[in-house]
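# sequence unavailable; structure follows:
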């Protein structure tokens, strides 16, 4: 039987794939939390690499589906841009993990708990925002703005935390090589929150267009 | 004389300018690779400045056409976006060369040749992608070139990570490590620019497919 729904892209595969991508971003943060919570053990890149690769496969699936679908519920460019923004979250987490592992001899004793709490909250908001896309329509814009507003607040907190960390690094109390390594790590953590904020802005824009 | 053809524009001219800009990006990266092959010599800045200026002229010409011509082969914003990103490559390469020129004697222990070789491959792929823009049904080819760019980005990431491992080692000369870190960050930016152009081109082709 020919499925018109399938030809015209009215099925929910794009929503499922975007949701799966957001969940992978969150999984990568949970893996990071486990690594940073036990600095004594030698961390492994496997969990981060797996989350990033799974997300890459999802992004490729979305791109292939975009080419083969005539009509999509959301605009094709919006889906493409959002899927890329979501993929950048676990990708940047993996980058952080790589840098953390190679610099662990000089940064092992640093407490990243406050960063992790912010990253956890940010990826939670992204998962919730992506979940909204299935039920677009009038009245959804307020909900999207509220969720995105919370994401903006988290990003503001992350910026403030970054400044506090830099103030400590510039105090002259640390070894120069430790400062070099930590500055890179803190910048990457801030970038992860920025990636979440970018995804939030894209989703809010999509909701606005479709409300 | 009023020229209708002039107002309506010729698609070939737009694509031609983008191709020129991409070729100048390759030229600039190739010059950088040659410069970094000999670690005992100060770089000559002229080539980087000249290439970036030539690129600026090409982009200005394209922007002039965008404001003058009624019909464009694809959306104006897309042409503008590709042009702006293409210009960023020689501009960032020039930035690297400027930094390298003032500090090359201090970072002689670091070998940038492998990473610049990868960057050159990436710039050439970008140039191939731009040449595909004018061809009908280029989506599959653009996607395939984009996948190659992604692979180069991933390989280059590993090379940069290795360099950073060395930079972060305790006991190094802090000044040398700071300079090396800055230089690797700029090279990483150059690779990100190539990757970003590839993605934009894939998106533009997808929109027009």
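Arrived safely. This is a predicted model, so every value here is computed, not measured. Numbers count the residues shown, from 1 in each chain, chains lettered A, B, ... in the order given.
# how about the residues of chain A by chain B?
Chain A comes close to chain B at residues A:63, A:66-67, A:76-77, A:80-81, A:84, A:95, A:98-99, A:102-103, A:105-106, A:175-177, A:180-181, A:184, as judged by CB under 8 Å from any CB of the partner chain. (C-beta placed from N, C-alpha, C; glycine too.)
# helices along the chain, start to end?
No chain was given, so I picked chain A. For chain A, applying DSSP state H gives helices covering A:4-7, A:13-37, A:46-68, A:76-107, A:113-132, A:140-169, A:176-209.
# switch to chain B, please.
Taking DSSP H as the test, the helices found in chain B are B:4-8, B:11-37, B:46-68, B:76-103, B:113-132, B:139-167, B:174-207.
# quick one: list the elements packing against the last one.
So that's helix B:174-207. Here helix B:174-207 touches helix A:76-107, helix A:176-209, helix B:76-103, helix B:113-132, helix B:139-167, going by 3 or more CB pairs under 8 Å, 6 or more residues apart in numbering or on different chains; DSSP states H and E.
# possible to save those as CSV with distance to residue A:161, mean pLDDT and mean neighbour count?
Listed next are the helices and strands packed on helix B:174-207 as CSV, based on distance: least, CB to CB, whole Å; pLDDT from 0 to 100; neighbours: other CB atoms under 10 Å in any protein chain shown:
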stretch, distance to residue A:161, mean pLDDT, mean neighbour count
helix A:76-107, 15, 92, 22
helix A:176-209, 8, 94, 21
helix B:76-103, 29, 93, 20
helix B:113-132, 32, 96, 21
helix B:139-167, 23, 92, 17
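# can you redo the ones you listed as CSV with distance to residue A:130?
Compiled in CSV, those are given as follows (distance: least, CB to CB, whole Å):
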stretch, distance to residue A:130
helix A:76-107, 7
helix A:176-209, 7
helix B:76-103, 25
helix B:113-132, 30
helix B:139-167, 23
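# right, and chain A sits closest to which residue of chain B?
Per CB to the nearest CB, residue B:174 is where chain B lies closest to chain A, at 3.3 Å.
# rewinding a little: mind checking the helices of chain B for the one nearest to residue A:200?
Closest to residue A:200 of the helices of chain B, according to CB to CB: helix B:174-207, at 20.1 Å.
# mind listing what's buried in that closest one?
Under the neighbour-count criterion of 16 or more other CB atoms under 10 Å in any protein chain shown, helix B:174-207 has B:176-181, B:183-184, B:186-188, B:190-191, B:193-206 buried.
# do stretch A:136-154 as well
By 16+ other CB under 10 Å, the buried positions in stretch A:136-154 come out as A:136, A:140, A:141, A:144, A:147, A:148, A:150, A:151, A:154.
# quick one: residues in contact with it.
A:73-74, A:118, A:121-122, A:125-126, A:128-129, A:132, A:193, A:196-197, A:200-201, A:203-204, A:206-208, A:210-211 (CB atoms under 8 Å, 6 or more residues apart in numbering or on different chains).
# just the pLDDT for residue A:72.
On pLDDT, residue A:72 comes in at 80.
# what number of residues lie near it?
Neighbour count for residue A:72, taken as other CB atoms under 10 Å in any protein chain shown: 17.
# got it, and residue B:135?
11.
# and it, what does it touch?
Residue B:135 neighbours (CB under 8 Å, 6+ apart): residue B:141.
# what does chain B have sitting close to chain A?
Taking CB under 8 Å from any CB as the measure of proximity, chain B contacts chain A at B:139, B:143, B:157, B:161, B:164-165, B:167-172, B:174, B:177-178, B:181, B:199, B:203, B:206-207, B:209.
# centroid-nearest residue for the chain?
By default, I'm working from chain A. residue A:89 (3.1 Å; CA atoms, centre = their mean).
# you answered for a different chain; I wanted chain B.
residue B:89 (3.1 Å).
# run through the residues that contact that residue.
By CB under 8 Å, 6+ apart, the residues touching residue B:89 are B:25, B:28, B:29, B:123, B:126, B:190, B:193, B:194, B:197.
# could you redo the last one with a cut-off of 7 Å?
Residue B:89 is in contact with B:25, B:28, B:123, B:190, B:193, B:194, counting by CB atoms under 7 Å, 6 or more residues apart in numbering or on different chains.
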